[in-house]
Every structure is written in C-alpha cells, then in structure tokens.
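> Could you work out the structure for the sequence below:
(4 chains)
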There are 2 protein chains.
Amino acid sequence: MSRITLKDLSKFLSLSTSTISRALLNDKNINAETQKRVLEAAEKLGYRPNTTALSLKYGQTKNIGLVVPEMITPFSSKVLQGIQNILYPLGYRVIITQSDENPLIERKNLQLLEEFNVDGIIINLCHETYNEDVYKEIMDRGIPLVFFDRIPSKTLEVSKVVVDDNIKASLVVEHLINTGRKRIVHIMGPSTIRNAVEREMGYKRILKKHNIFDPELIIKTDGMMFEAGEHAAKHLLDRKIEFDSIFAFSDTLAIGAMNYLLEKGIKIPEQVAVASFSGTELATIVHPKLTSVQQPLVKMGEAAADLMLEKIKDISAPNQTIVMDTELIYRASTFN
Amino acid sequence: MSRITLKDLSKFLSLSTSTISRALLNDKNINAETQKRVLEAAEKLGYRPNTTALSLKYGQTKNIGLVVPEMITPFSSKVLQGIQNILYPLGYRVIITQSDENPLIERKNLQLLEEFNVDGIIINLCHETYNEDVYKEIMDRGIPLVFFDRIPSKTLEVSKVVVDDNIKASLVVEHLINTGRKRIVHIMGPSTIRNAVEREMGYKRILKKHNIFDPELIIKTDGMMFEAGEHAAKHLLDRKIEFDSIFAFSDTLAIGAMNYLLEKGIKIPEQVAVASFSGTELATIVHPKLTSVQQPLVKMGEAAADLMLEKIKDISAPNQTIVMDTELIYRASTFN
DNA sequence: GTGAAAGCGCTAACAC
DNA sequence: GTGTTAGCGCTTTCAC
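The predicted model follows:
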C-alpha cells in the first residue's frame, strides 16, 4: 500500500490537493515554480499514486483476465509474454487462470475473473461450445472478450486471433509426402476444438488429392497432453496399423507419441517421421528435433491485447479476426 | 465493471445504502424480512460488489505480485498453481512477471509491481545479490516479500520456501556411484544462485568421500536454459574430458546436454547416465526419461502463499523458512 | 432496525 | 494559477 498521499503532500506544502494533483499530472494550469516544488516534495516523500483510487474514479480496474487451457507447455507463456508487452506499460495488470483443459474449470475461471472486476478477458478456450452461454453473458454485461488460438463456434461472433490451420496442416502433409512418406498418420485433437477439425481437413484434403487417404490413419485423442499422444502411438502399434510418418495436432501430442515409439525401439525419423503444429520450444528440446508449424505466439498475444484495448476504448467496436502468419520449420524428425 | 451498485438497489427498494450494505454483509442489525428483499433484488438485478471500492476502503488492493525467472519450463507454472490454489479463493489476484533470468528485468518487474500497488510480492529470484537493495526497499515500505526456490544471500533475512539442495544433490551422486559410475560430471548453475552452490557442495562432498573428485568435471554454465546445457556438453566433448555420467543443476540443463550428446551419437544411459534436479514434466517428456529430484512445486507455491498471508495479516510476523521434502525419482536415464 | 454522513485517494468542474 | 467541492462505491460510526 502506498503510504503517502496527495493529502500528505498538500499539508507538507500548504497547497490544496487539487494543485498537487495538477502539478503531478502536468496540467497546463499550474505555475512552473509550484510544479517544481510539488515534484520535488513528491520525490522526496516517495509519493506513489494510489491506483485503486484512480480505478474507482474512472470506473476501470485496469485488470485484464487471461484464461488458458494449461501452462505446462510454453505455449501460453509465450502468448502471455506478448500480452504483457502491450498491457503492462499501459498500467494494465494481467491475471492468469488455468483451465486444465477442463471446460468446467474454465467456467469457474471466467466467473472468478468477473468477480475480480476485470475490464476484459482474453481467452484460449478448451471446448468449442460448452461455455458459450457464459461467453455471451460476459459480453452482454459489457465486458469485452477476445479469443486466440482456439475460438468458439461460428454462432458466436467475437474478436479473435487465429492462424490458418487448414492450409498450414496441408503444407506439413505435403512435406511428408515430398520426403517419400505414404502412410501418414494424423493424431487429431478432440473435435470439440475447432483447430483440430481444421487441421484434420487440411490433412485429409492432401491425402485425398494424392489418393492415399485411409480413415484408419486418423487417431482422434481424448486429451491434449503427452499421455494422449502416447496412447495414440500405442493404439497404432497395438492394432498393427502400418505407417511411416505422423502428423500430430500439437507438439505435445507429437512428443507423447514419439517417446512411445522410441521406447518401442522404433527409429525416428528412419522408420517413422514426425511432424506437428505449435512452434513452442518443446519442438527443439526433444531428440530428434521436431518439424513443426511455428506460430508467432508472442505476436499473437500482442495482437490479442491490441484487440482488447480497442474493445475497452469502444465496446461497440466491430469484431475483428486477425489471422497470423505461421512458418513451417523443417527439423530432424522428418529427414533421414 | 459492475453495472449496478448499492445506490441502484437503494433506489429500487427505497432503502438507504447502509441498510442494503448491512443486508448483503449479513449484519446483525437487519430485519430478516428486509434482508430477504435485498438479497432477492440483488440477485434479480445482478448486483456484484465493486472490489475497487472495497480496496480503497480497506487500504488493500488484494493484488499479489509474482516474479519468476522464466515460464518456458513448467517449474513456475506449477508453483503458480499452488499460489493460486490458496490465494484465488480468498479473493486475491495474482499478477505474474517474468524476468527472463535477467536481474535488470527482475528489477523492473519489482518496480512495476509496486506501481501496481500489490499487497505483497512472491519471488523466485535470478541473482542472489544484484537486487538486494530493491528487496530491502520494498520491505521497508511495508510490502511483504516472500522468496521461494532461489533465495537471497544470508545478509537479508526473509521468509522463504526452499528444499534441501545439498543433501538431495548428494543422494543423486550416490545413486550414480551405486550404479557404477566413476567419472561424474556436474553441470553447475551460475554461482550467483545459491542453490547452484549448495548442489555443487553436495556433489563435491560425495565425490571426495569416494576419492573420485576431479575439478575438471565441474562445468559451470553461464545461463540456465537449454543452450547452456548444450554448451556444457560441447565443452566436455571438445576438451575430450572423459566421463560416464552427468549430474545437472536442473532438468533444463540436463536436457540441453543430453540432446547434444544424443546428436553426437552418444548413447544414454549406456555410455553416459544423466540425472538432474527439479522435478517438472520436462524430466518425463524426453527420451530416455530423466532421473531427477522431484520438488513438490505446487506445495511450494501453497507454502509461499501461506507465508504471504501471514505477513499480510501482520507485517511484523517473524520470518520463516520452510524446507520442503523432495523425492529422488529413478528413471531410465541412469539405468542400463 | 434504519438513515444520514463521513471518508478511503484521487480528479475535475466550478469558483475566484 | 489556486482552492473548494463533489463524487467514484462501499462500509461504518453516529443518530434516531
């Protein structure tokens, strides 16, 4: 808590609090001499403005909530970094909540953030439709909501930051084909996540184009974490499904699968090439390093924060969709 | 922002705001009938208390700052989880800042949090002494500071949550010796981090006890991230230093080193066993999985939050040091 | 049991 | 150019 207040300065200098305030705010109606005295006294006594008073005055808490599915992988941290880059210098605090990939927890988090009186919420959701009612309620109450990465179903019009999942997924698959792979597995995320469906569409389109599509090669996972990837790999081996490569929905799933294969003595990339989507550090801290679609996560955070600022300035600003550019990074996991 | 206020309810029910307030706070001086009416109206109109007004009233922002070195690894996220477990239900917001292992950024973060008027700061520092002056200043201003994991030098008495680095490091080394390793490298963190020194001491003590200590086997890194581990491994190979195992300061350094060795075709654990310290998911998502000292990160966060609450309740509460139990988890990276 | 009024720290409209 | 005052939303004396 700030100890010393305008009132203290006012007493100290025998000036009214409004004069002090004006001096501090660099108002035009202030004597240069007076201002200097005030500034010096403020410095000397260690005055720090009370943000709470300002919040009350202006009706803005300067708190922005962030809801993410998890923070085990660096994905959200990177986006957070971008959000902070924009919001911290402007005096906004960012309050993070983790949903643990559970829509129920996400729901609680949203309610918690509302209780925290945030000015807006930036969210990467964990289920396309489950909490749609809450999203709506929140927006109806005049609290702007900005989505990134995983967005709600099309029935809800919102501001959002996304990547072109479909096209980039197809590029990954093309790459696998170009390097001679024919039995390309897709480890697909839950279909309650729009991106999973989009990436699958990209995958399917290319395989069909090349006439090598086989529905058996699509493994839909239940979860999103490493074990889900392991299960997918186990499933493939247990069923003796023949495959020479994997395109996974995310680095996380890819790594889970990769480690299972390595444990079973399968050589990567010699026997099975692995590629994925995300672009976190995870792709480069495993061996072999993963070919992956790199998303500009920090920039995505910055974009989301910008959208949020726009909405805060004018709640009726039109919803925008920002599509970020991604880059397919080729690494050892897909080359012999 | 909450739309509807006590005043609105007051008008709506033709009652004074004080009565409304009393009803909502379940005060004894309130007619049961009146209270019922108020509660119903509040529900109906969707009243939500304005936390800002409360903050101003009580002189507490209910904001707690968190300063961590990085969020690329899951270490801080886990601790954050624990902190949130305790603080969120109590209405405290947690505001995170990342120092990027840079004391200068840490300094800025601390100042930022002060400007945010936090009620207290929980911190995992990135340099033992560099910002000691700021820590002191902050505490002198009556803002409680609680440290965890990496703590300041002994000249600064503070509340903190730590683990027994020295003893657990020695257990890891004993384990390596028990599995037949003789040339045990230590990849040591920067000595500006107390834990690095403690873990090195544990390492040294055991090697000396067994008469196999060789100063050449200690590689002190400059950084803390994966590349620093790689560099250490490169250094070992370049200098043709003979070794059959590695004990690394952290999972991060261990993984960096491991991947470099794997790239050079060195077999793990057959040729080189690897063990580390941390206990994040990182240890289990690489191949082979890492033997590592598992720290109870969520619990550490909870303990730090508890210490913080104590300090908030009574700023003059005595400083406490909580030492958490850790567990050495044996995994494939140290077994043939 | 209820209402009026003060005050938390600050800014801004209004006097002078 | 400076001071006075009101008010942001809430709780809490103090009256009645």
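
> which is the next helix or strand following the host helix or strand of A:Ala196?
If you go by DSSP states H and E, A:Ala196 is part of helix A:194-209. For helix A:194-209, the following helix or strand on the C-terminal side (DSSP H and E) is strand A:218-220.

> Buried residues, that next one. List them.
By 16 or more other CB atoms under 10 Å in any protein chain shown, the buried positions in strand A:218-220 come out as A:Ile219. Any C-beta I mention is one placed from the backbone N, CA and C, and that applies to glycine too.

> Neighbours of A:Asn26, how many?
Counted with other CB atoms under 10 Å in any protein chain shown, the neighbours of A:Asn26 add up to 9.

> For the closest residue to DNA strand D within the stretch 101-250 of chain A, what are phi and psi?
Closest to DNA strand D within the stretch 101-250 of chain A is A:Asn117: 9.8 Å, counting by CB to the nearest atom of the strand. The phi/psi pair for A:Asn117 (degrees, to the nearest 10) reads phi 60, psi 50.

> The one 10 residues further on now?
Dihedral angles phi and psi of A:His127 (degrees, to the nearest 10) take the values phi -160, psi 130.

> Against chain B, how distant is it?
Distance, A:His127 to chain B, by CB to the nearest CB, to the nearest Å: 21 Å.

> unless I'm mixing things up, the residue of the stretch 101-250 of chain A closest to DNA strand D is touching B:Asn50, no?
Yes. Look at A:Asn117 against B:Asn50 with CB atoms under 8 Å: they come within range, at 6.6 Å.

> Compare those two (neighbour count), which wins?
A:Asn117 (23 against 19).

> DNA strand C versus that one, what's the distance?
Computed as CB to the nearest atom of the strand, to the nearest Å, the A:Asn117 to DNA strand C distance reads 15 Å.

> ok, now A:Asn29?
Distance from A:Asn29 to DNA strand C, by CB to the nearest atom of the strand: 7 Å.

> Chain neighbours aside, what residue packs nearest to that residue?
Closest residue to A:Asn29 apart from its sequence neighbours, by CB to CB, 6 or more residues apart in numbering or on different chains: A:Arg22 at 6.1 Å.

> Could you say which helix or strand holds the one you found?
Short version, using DSSP H and E: A:Arg22 is in helix A:17-24.

> Quick one: list the elements packing against that helix.
Contact partners of helix A:17-24 among helices and strands, from 3 or more CB pairs under 8 Å, 6 or more residues apart in numbering or on different chains; DSSP states H and E: helix A:6-13, helix A:32-45.

> Out of these, which one sits most buried?
helix A:6-13 (a mean of 17; mean count of other CB atoms under 10 Å in any protein chain shown).

> how far is that helix from where the chain is centred?
Relative to the centre of its chain, helix A:6-13 is centred 45 Å away, using CA atoms, centre = their mean, to the nearest Å.

> Same question for stretch A:125-142.
How far stretch A:125-142 lies from its chain's middle: 17 Å, per CA atoms, centre = their mean.

> now what about it, what contacts it?
With contact meaning CB atoms under 8 Å, 6 or more residues apart in numbering or on different chains, stretch A:125-142 is reached by A:67, A:69, A:99, A:101-103, A:106-107, A:110-111, A:114, A:121, A:145, A:147, A:150-153, A:155-156, A:158, A:192-194, A:315, B:1, B:3, B:46.

> For that stretch, list every residue counted as buried.
A:125-128, A:130-131, A:134-135, A:138-139.

> measure it end to end?
In stretch A:125-142, first residue to last residue: 20 Å (CA to CA, to the nearest Å).

> Report the mean confidence score over it.
Average pLDDT, stretch A:125-142: 96.

> Kindly report the same for stretch A:197-208.
Mean predicted confidence for stretch A:197-208 is 98.

> For A:Ser170, what is the enclosing helix or strand?
Here A:Ser170 is assigned to helix A:165-178, by DSSP H and E.

> and that helix, how far out from the chain's middle?
From the chain centre to the centre of helix A:165-178 is a distance of 23 Å (CA atoms, centre = their mean).

> what's downstream of it, the next helix or strand?
strand A:184-188.

> Can you name every helix or strand that that next one contacts?
Using 3+ CB pairs under 8 Å, 6+ apart: strand A:184-188 touches helix A:165-178, helix A:194-209, strand A:218-220, helix A:226-238, strand A:245-248, helix A:251-263.

> Next to DNA strand C, which bits of chain A? Give me the list.
Residues of chain A lying near DNA strand C by CB under 7 Å from any atom of the strand: A:2, A:5-7, A:17-18, A:21, A:24-25, A:47, A:49-50, A:52-54, A:56-57.

> Tell me the span between the first and last residue of stretch A:245-253.
End-to-end span of stretch A:245-253 (CA to CA): 14 Å.

> just how off-centre is that stretch within its chain?
Relative to its chain's centre, stretch A:245-253 lies at 19 Å (CA atoms, centre = their mean).

> Find me whatever residue is spatially closest to A:Leu171, sequence neighbours aside.
Leaving aside its sequence neighbours, A:Leu171 sits nearest to A:Leu328 (CB to CB, 6+ apart; 5.3 Å).

> tell me the mean pLDDT over the strand or helix carrying that neighbour?
Assessed by DSSP H and E, A:Leu328 sits inside strand A:327-329. Averaged across strand A:327-329, pLDDT comes to 97.
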